[in-house]
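Trainee: let me see the structure of the following:
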Amino acid sequence: MMCLVSRTGRELQRYDMGRRLVVGCIPYRYKNENGEVEVLVISSQKGHAMMFPKGGWELDESVEEAALRECFEEAGVVGVVECKLGNWSFKSKSQGIYHEGHMFPMLVAEQLEFWPEKNLRQRVWMKVEEAREVCQSWWMKEALDVFVERLASQTLTKQDFLN
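Mentor: Residues are numbered from 1 along each chain as shown. Prediction:
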(Lines give C-alpha, C1' and ligand atoms only; values in the text may rest on other atoms or scores of the structure.)
Protein backbone atom coordinates (compact mmCIF):
# COMPACT_ATOMS: atom_id res chain seq x y z
CA MET A 1 0.00 0.00 0.00
CA MET A 2 1.30 3.44 -0.93
CA CYS A 3 0.79 6.63 1.03
CA LEU A 4 -1.00 9.27 -1.03
CA VAL A 5 0.27 12.28 0.92
CA SER A 6 3.23 14.42 -0.13
CA ARG A 7 5.95 15.28 2.33
CA THR A 8 5.86 18.91 3.39
CA GLY A 9 8.01 21.28 5.42
CA ARG A 10 11.70 22.05 5.48
CA GLU A 11 12.70 20.40 8.78
CA LEU A 12 14.31 17.38 7.08
CA GLN A 13 15.75 19.22 4.08
CA ARG A 14 19.41 18.85 3.17
CA TYR A 15 21.57 21.94 2.73
CA ASP A 16 25.18 22.36 1.62
CA MET A 17 26.94 25.65 2.34
CA GLY A 18 23.58 27.42 2.57
CA ARG A 19 22.20 25.97 -0.65
CA ARG A 20 19.07 23.85 -0.48
CA LEU A 21 19.66 20.51 -2.19
CA VAL A 22 16.92 19.52 -4.60
CA VAL A 23 16.51 16.40 -6.70
CA GLY A 24 14.66 16.09 -9.97
CA CYS A 25 13.91 13.49 -12.58
CA ILE A 26 13.23 13.33 -16.26
CA PRO A 27 10.63 10.54 -16.48
CA TYR A 28 10.73 8.86 -19.88
CA ARG A 29 9.34 5.95 -21.86
CA TYR A 30 9.80 4.41 -25.26
CA LYS A 31 6.79 5.26 -27.40
CA ASN A 32 7.28 2.53 -30.00
CA GLU A 33 9.60 -0.21 -31.26
CA ASN A 34 11.65 2.37 -33.18
CA GLY A 35 12.99 3.67 -29.88
CA GLU A 36 11.20 7.03 -30.01
CA VAL A 37 11.35 8.57 -26.54
CA GLU A 38 8.69 10.59 -24.78
CA VAL A 39 9.28 12.52 -21.56
CA LEU A 40 6.78 13.46 -18.88
CA VAL A 41 6.41 17.10 -17.86
CA ILE A 42 4.20 18.42 -15.10
CA SER A 43 2.65 21.77 -14.32
CA SER A 44 3.85 23.82 -11.39
CA GLN A 45 1.55 23.84 -8.38
CA LYS A 46 0.17 27.21 -9.46
CA GLY A 47 -0.17 25.91 -13.02
CA HIS A 48 1.77 28.69 -14.73
CA ALA A 49 4.84 26.73 -15.80
CA MET A 50 5.82 23.29 -17.06
CA MET A 51 8.77 21.40 -15.60
CA PHE A 52 10.11 18.03 -14.59
CA PRO A 53 9.33 16.65 -11.12
CA LYS A 54 11.72 18.00 -8.48
CA GLY A 55 11.84 18.78 -4.80
CA GLY A 56 13.87 18.76 -1.64
CA TRP A 57 16.34 16.00 -0.82
CA GLU A 58 15.64 14.97 2.75
CA LEU A 59 17.97 13.70 5.47
CA ASP A 60 16.39 10.25 5.75
CA GLU A 61 16.76 9.24 2.09
CA SER A 62 19.39 8.67 -0.57
CA VAL A 63 19.47 10.97 -3.57
CA GLU A 64 17.96 8.17 -5.71
CA GLU A 65 15.17 7.63 -3.17
CA ALA A 66 14.43 11.36 -3.26
CA ALA A 67 14.21 11.24 -7.07
CA LEU A 68 11.77 8.33 -6.93
CA ARG A 69 9.68 10.04 -4.26
CA GLU A 70 9.40 13.29 -6.22
CA CYS A 71 8.27 11.44 -9.35
CA PHE A 72 5.67 9.55 -7.37
CA GLU A 73 4.38 12.58 -5.43
CA GLU A 74 4.32 15.12 -8.25
CA ALA A 75 3.82 13.06 -11.42
CA GLY A 76 2.31 9.77 -10.30
CA VAL A 77 4.91 7.59 -11.98
CA VAL A 78 7.30 4.96 -10.67
CA GLY A 79 10.24 3.34 -12.37
CA VAL A 80 13.99 2.89 -12.44
CA VAL A 81 16.24 5.84 -11.60
CA GLU A 82 19.33 5.76 -13.80
CA CYS A 83 22.79 7.37 -13.55
CA LYS A 84 22.82 11.03 -12.56
CA LEU A 85 22.81 13.58 -15.39
CA GLY A 86 24.62 16.20 -13.35
CA ASN A 87 24.34 19.02 -10.80
CA TRP A 88 23.18 22.56 -11.47
CA SER A 89 23.26 25.65 -9.28
CA PHE A 90 20.25 27.92 -9.75
CA LYS A 91 18.46 30.74 -7.98
CA SER A 92 14.95 30.05 -6.70
CA LYS A 93 12.40 32.39 -8.24
CA SER A 94 10.12 32.28 -5.21
CA GLN A 95 12.72 32.44 -2.43
CA GLY A 96 15.60 34.29 -4.08
CA ILE A 97 18.18 31.85 -2.68
CA TYR A 98 20.48 29.44 -4.46
CA HIS A 99 19.73 25.75 -4.76
CA GLU A 100 21.81 22.87 -6.01
CA GLY A 101 19.78 20.62 -8.31
CA HIS A 102 20.67 16.97 -8.96
CA MET A 103 18.93 15.55 -12.04
CA PHE A 104 18.36 11.92 -13.03
CA PRO A 105 16.56 10.15 -15.87
CA MET A 106 13.91 7.65 -14.79
CA LEU A 107 12.61 4.91 -17.07
CA VAL A 108 8.92 4.76 -16.19
CA ALA A 109 7.57 1.31 -15.33
CA GLU A 110 4.08 2.36 -14.24
CA GLN A 111 1.83 5.39 -14.49
CA LEU A 112 -0.54 5.57 -11.54
CA GLU A 113 -4.18 6.63 -11.63
CA PHE A 114 -3.97 8.23 -8.19
CA TRP A 115 -1.00 10.07 -6.67
CA PRO A 116 -0.49 12.66 -3.90
CA GLU A 117 -0.49 15.81 -6.07
CA LYS A 118 -3.02 14.68 -8.69
CA ASN A 119 -5.34 17.58 -7.86
CA LEU A 120 -2.52 20.14 -7.94
CA ARG A 121 -0.74 19.29 -11.20
CA GLN A 122 -1.28 18.27 -14.78
CA ARG A 123 1.04 15.72 -16.41
CA VAL A 124 1.71 15.49 -20.13
CA TRP A 125 3.78 13.04 -22.18
CA MET A 126 5.51 14.75 -25.09
CA LYS A 127 8.40 14.53 -27.49
CA VAL A 128 11.76 15.69 -26.17
CA GLU A 129 11.77 18.72 -28.50
CA GLU A 130 8.37 19.82 -27.22
CA ALA A 131 9.45 19.39 -23.60
CA ARG A 132 12.50 21.54 -24.21
CA GLU A 133 10.24 24.30 -25.56
CA VAL A 134 7.73 24.28 -22.69
CA CYS A 135 10.11 23.71 -19.77
CA GLN A 136 10.62 27.02 -17.97
CA SER A 137 13.84 26.23 -16.09
CA TRP A 138 17.16 26.69 -17.93
CA TRP A 139 18.87 24.10 -15.74
CA MET A 140 16.22 21.48 -16.50
CA LYS A 141 16.64 22.19 -20.23
CA GLU A 142 20.39 21.60 -19.83
CA ALA A 143 19.69 18.32 -18.01
CA LEU A 144 17.37 17.32 -20.85
CA ASP A 145 20.17 18.05 -23.35
CA VAL A 146 22.54 15.81 -21.36
CA PHE A 147 19.87 13.09 -21.32
CA VAL A 148 19.40 13.30 -25.11
CA GLU A 149 23.17 13.12 -25.67
CA ARG A 150 23.37 10.07 -23.40
CA LEU A 151 20.55 8.31 -25.28
CA ALA A 152 22.20 9.07 -28.61
CA SER A 153 25.55 7.67 -27.46
CA GLN A 154 23.85 4.53 -26.10
CA THR A 155 22.09 4.03 -29.43
CA LEU A 156 25.38 4.37 -31.32
CA THR A 157 27.06 1.90 -28.96
CA LYS A 158 24.29 -0.66 -29.49
CA GLN A 159 24.49 -0.24 -33.27
CA ASP A 160 28.29 -0.67 -33.18
CA PHE A 161 27.87 -3.82 -31.12
CA LEU A 162 25.31 -5.29 -33.54
CA ASN A 163 27.44 -4.60 -36.66
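Trainee: I'd assumed R121 was in contact with I42.
Mentor: Yes: between I42 and R121 there is a contact under CB atoms under 8 Å: 4.8 Å. In short, each C-beta sits where N, CA and C put it, glycine included.
Trainee: overlap in contacts, the two.
Mentor: Common neighbours of I42 and R121, counting by CB atoms under 8 Å, 6 or more residues apart in numbering, are E74, A75.
Trainee: so where's this structure shaky on pLDDT?
Mentor: 1-10, 155-163 (pLDDT under 70).
Trainee: can you pull up the bridge partners for the residue nearest the centre of it?
Mentor: Note on the chain: the residue nearest the mean C-alpha position is C25, at 1.8 Å, using CA atoms, centre = their mean. On the basis of DSSP bridges, C25 is bridged to F104.
Trainee: residues in contact with it?
Mentor: Applying CB under 8 Å, 6+ apart, the residues near C25 are F52, P53, K54, A67, L68, E70, C71, V81, M103, F104, P105, M106.
Trainee: out of those, flag the one nearest to Y15.
Mentor: Nearest to Y15 among these is K54, at 16.0 Å by CB to CB.
Trainee: export the contacts of C25 to JSON lines and tack on distance to E38?
Mentor: Putting those into JSON lines (distance: CB to CB, whole Å) gives the following:
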{"residue": "F52", "distance to E38": "13"}
{"residue": "P53", "distance to E38": "15"}
{"residue": "K54", "distance to E38": "19"}
{"residue": "A67", "distance to E38": "19"}
{"residue": "L68", "distance to E38": "19"}
{"residue": "E70", "distance to E38": "19"}
{"residue": "C71", "distance to E38": "15"}
{"residue": "V81", "distance to E38": "18"}
{"residue": "M103", "distance to E38": "18"}
{"residue": "F104", "distance to E38": "17"}
{"residue": "P105", "distance to E38": "13"}
{"residue": "M106", "distance to E38": "13"}
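Trainee: any chance of those in JSON lines, plus neighbour count?
Mentor: Conversion of these to JSON lines gives the following (neighbours: other CB atoms under 10 Å):
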{"residue": "F52", "neighbour count": "28"}
{"residue": "P53", "neighbour count": "27"}
{"residue": "K54", "neighbour count": "25"}
{"residue": "A67", "neighbour count": "28"}
{"residue": "L68", "neighbour count": "21"}
{"residue": "E70", "neighbour count": "26"}
{"residue": "C71", "neighbour count": "29"}
{"residue": "V81", "neighbour count": "20"}
{"residue": "M103", "neighbour count": "24"}
{"residue": "F104", "neighbour count": "25"}
{"residue": "P105", "neighbour count": "25"}
{"residue": "M106", "neighbour count": "27"}
